[in-house]
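Peer 1: Here's my sequence, what's the structure:
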Amino acid sequence: MANSLYDFGMIGLGVMGRNLLLNMADHGFSVIGFDKDATKNSALETAATPGTTVKGVAELATMVQLLERPRKLMMLVPAGQPVDDVIASLLPLLEQGDVVIDGGNSHYTDTLRRVQQLREKGIHFMGMGVSGGEQGARTGPSIMPGGDLDAYAKVKPMLEAIAAKVKDTPCVAYLGKEGAGHYVKMVHNGIEYAIMQLISESYALLQKGAGLNNDQLHEVFKSWNQGALQSFLVEITADIFLQNDDKSDKRLVDVISDKAGSKGTGKWTSQDAMELPVAVPVIDTAVAMRTISGYKDQRVQAEALYPATDSTIHATSEMWIKQVHDALYFTTILSYAQGLAMLHEASRDLQMEIPLPEVVKVWRGGCIIRSTLLEVFTQAYQQNTDLANILLDKGVAYLVQSVESNTRSVIAQAVAAGIPVAGLMSALSYFDAFRTGRMPTNLIQAQRDYFGAHTYQRVDIPGTFHTEWQQH
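Peer 2: The predicted structure follows:
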């Protein structure tokens, strides 16, 4: 029968949509894709592995009619209005019990609204984060689904088949209610912003501070990727330094503009962290530094107005490389700690029931922030599934303390040399505040009560107090 031909449908056959469908087909599922662009439909069929069942169509209704019931289909279209437009065109074609997945980078509040909108019509809606880029989509991404548990059960076998595998475990799991999938992906992207900023600062410390050339930088990052810092982002960084430019005789990294772009998910993480509230200063700083990178003309003027200090670091190259390694390791742990603490708070505050042990397992493979550190965090959550902050785990504490001294040394020398290391500094400041039993914020409470009668609490007597402050 025609209506049982295809197991899964995809709306939007850009690189990610096409590669996910081809991945599904390679695992034995029959798949159909829809795109208004006929060239993308033919590109899908041409790229299919011989012997697999793959079809591209130019009519949405045709695709929906050719899906097995209950239908299972995914959208991979730009976030915002395009998602609502696709839903509006889908609704007349769907039946109760069908499953619609948004696999793009939608904001979780939009996902909450859409879950409710489609639930009223008896249709399951899921928000699902997908990480790993085009290569991950084709060979095994990290998949972060949330929403309707019944709907997840219908697509679970397919998602487990196509996901990246670590120790034979698929990097996909049900990550919570309502908008949890997109919330986890948003925080994933915030952590990604943070680690990329920290790596770029480490690059500056090695290049400006120690005078390393691109070949040497490649060797440093390559060696780092074989140890405790092993991760996708460190791995690709090592590759970047060797890439030749095809338009000049330089390395490509040296001719790329220093104005960094962004898609907005890092900013969302900062904004939503403040709403909770939970502190994610490394992510906040990473977003701010991308913004500052856009002030190119002003920065060039300021460089002439404020002559730089000597940025040479007076340490042996070998010692400096080791210290920068440790500083990057320390601050990378802090980046994960802040993102995971945000998920812990959101899980409780927004009633999404996000299982953090599953989150770190899903992130171990396929995604942009995959790292050997996630194995450490997996062990931490095995000890305590409700860990509010991974810095409270004794195993993590041991790792942090082992590199703390070198981190302080690097930051002190960077500050003296005038090399901007805002990400490293914000991570260390968070750490110092987090481990301080009594902060100086009692003075802030006194000031607030003095000028605004905002009241305060005491350390010795329960209750809320206000004082008529005297001018002295």
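Peer 1: before we move on, which element is the nearest residue to residue 107 once chain neighbours are set aside in?
Peer 2: Leaving out its chain neighbours, the residue that sits closest to residue 107 by C-beta to C-beta, 6 or more residues apart in numbering is residue 268, at 5.9 Å. Placement of C-beta: from N, CA and C, glycine included. According to DSSP states H and E, residue 268 maps onto helix 265-275.
Peer 1: what packs against that helix?
Peer 2: Under the contact criterion of 3 or more C-beta pairs under 8 Å, 6 or more residues apart in numbering; DSSP states H and E, helix 265-275 touches helix 180-204, helix 281-293, helix 317-349.
Peer 1: average pLDDT for it?
Peer 2: In this model, helix 265-275 has a mean pLDDT of 93.
Peer 1: That helix: how far from the chain's middle?
Peer 2: Mean-position distance between helix 265-275 and its chain equals 12 Å (C-alpha atoms, centre = their mean, to the nearest Å).
Peer 1: now stretch 378-397
Peer 2: 20 Å.
Peer 1: Could you work out the end-to-end span of that stretch for me?
Peer 2: 15 Å (C-alpha to C-alpha, to the nearest Å).
Peer 1: going forward can the numbers begin at 43, since that is how I track them
Peer 2: Fine by me, first position is 43 from now on; the one you just mentioned is stretch 420-439.
Peer 1: and residue 232, how far is that from residue 402?
Peer 2: According to C-beta to C-beta, to the nearest Å, residue 232 and residue 402 sit 15 Å apart.
Peer 1: For these two, indicate the residue with more neighbours.
Peer 2: Counted by other C-beta atoms under 10 Å, residue 232 and residue 402 do not tie: residue 232 has more neighbours, with 29 against 22.
Peer 1: Which residue, other than its chain neighbours, is closest to the more buried one?
Peer 2: residue 311 (2.9 Å).
Peer 1: What count of nearby residues applies to that neighbour?
Peer 2: The number of residues near residue 311, taken as other C-beta under 10 Å, comes to 28.
Peer 1: Is it correct that it is in contact with residue 380?
Peer 2: No. Using C-beta atoms under 8 Å, residue 311 is not in contact with residue 380; the gap is 9.6 Å.
Peer 1: what do the two both touch?
Peer 2: The contact sets of residue 311 and residue 380 overlap at 322, 325 (C-beta atoms under 8 Å, 6 or more residues apart in numbering).
Peer 1: re earlier: who touches the helix holding residue 310?
Peer 2: Outside helix 307-317, the residues touching it (C-beta under 8 Å, 6+ apart) are 147, 149-150, 225, 227-229, 231-232, 234-235, 321-322, 325-326, 328-329, 332, 381, 384, 388.
Peer 1: go on, stretch 390-407?
Peer 2: Under C-beta under 8 Å, 6+ apart, the answer for stretch 390-407 is 182, 184-186, 188, 206-208, 211, 213-222, 225-226, 230, 318, 382, 385-386, 388-389, 411-412, 416-417, 419-420, 423-424, 427, 429.
Peer 1: Helices - which of those residues land there?
Peer 2: Residues of the contacts of stretch 390-407 located in helices (DSSP state H): 222, 225-226, 230, 382, 385-386, 388-389, 416-417, 419-420, 423-424.
Peer 1: Among the residues you listed, name the buried ones.
Peer 2: 222, 225-226, 230, 382, 385-386, 388-389, 416, 419-420, 423 (16 or more other C-beta atoms under 10 Å).
Peer 1: nearest to residue 126, of these?
Peer 2: residue 225 (19.1 Å; C-beta to C-beta).
Peer 1: per-residue confidence for that closest one?
Peer 2: pLDDT at residue 225 comes out at 97.
Peer 1: Not including adjacent chain positions, what is the nearest residue to it?
Peer 2: Closest to residue 225 by C-beta to C-beta, 6+ apart is residue 150, at 4.3 Å.
Peer 1: OK, contacts around the one you found?
Peer 2: 169, 221, 222, 224, 225, 228, 314.
Peer 1: what's the farthest-apart pair in the residues you listed?
Peer 2: 169 and 314 (14.4 Å).
Peer 1: Tell me which residues of stretch 435-455 come out buried.
Peer 2: Neighbour count says stretch 435-455 has 435, 438, 441-442, 445-446, 448-453, 455 buried, by 16+ other C-beta under 10 Å.
Peer 1: May I see those residues arranged in a markdown table, with secondary structure, distance to residue 341 and pLDDT as well?
Peer 2: Below are the buried residues of stretch 435-455 laid out as a markdown table (DSSP: H, G, I helix; E, B strand; the rest coil; distance: C-beta to C-beta, whole Å; pLDDT from 0 to 100):
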| residue | secondary structure | distance to residue 341 | pLDDT |
| --- | --- | --- | --- |
| 435 | coil | 40 | 98 |
| 438 | helix | 37 | 98 |
| 441 | helix | 36 | 98 |
| 442 | helix | 33 | 98 |
| 445 | helix | 31 | 98 |
| 446 | helix | 32 | 98 |
| 448 | helix | 29 | 98 |
| 449 | helix | 27 | 98 |
| 450 | helix | 28 | 98 |
| 451 | helix | 28 | 97 |
| 452 | helix | 23 | 97 |
| 453 | helix | 22 | 97 |
| 455 | helix | 23 | 95 |
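Peer 1: ok, so of those residues, who is nearest residue 59?
Peer 2: residue 438 (37.9 Å).
Peer 1: Give me the nearest residue to that closest one, chain neighbours excluded.
Peer 2: Nearest non-adjacent residue to residue 438 (C-beta to C-beta, 6+ apart): residue 432, at 5.1 Å.
Peer 1: who touches the one you found in this structure?
Peer 2: Contacts of residue 432 by C-beta under 8 Å, 6+ apart are 375, 378, 379, 382, 383, 419, 422, 438.
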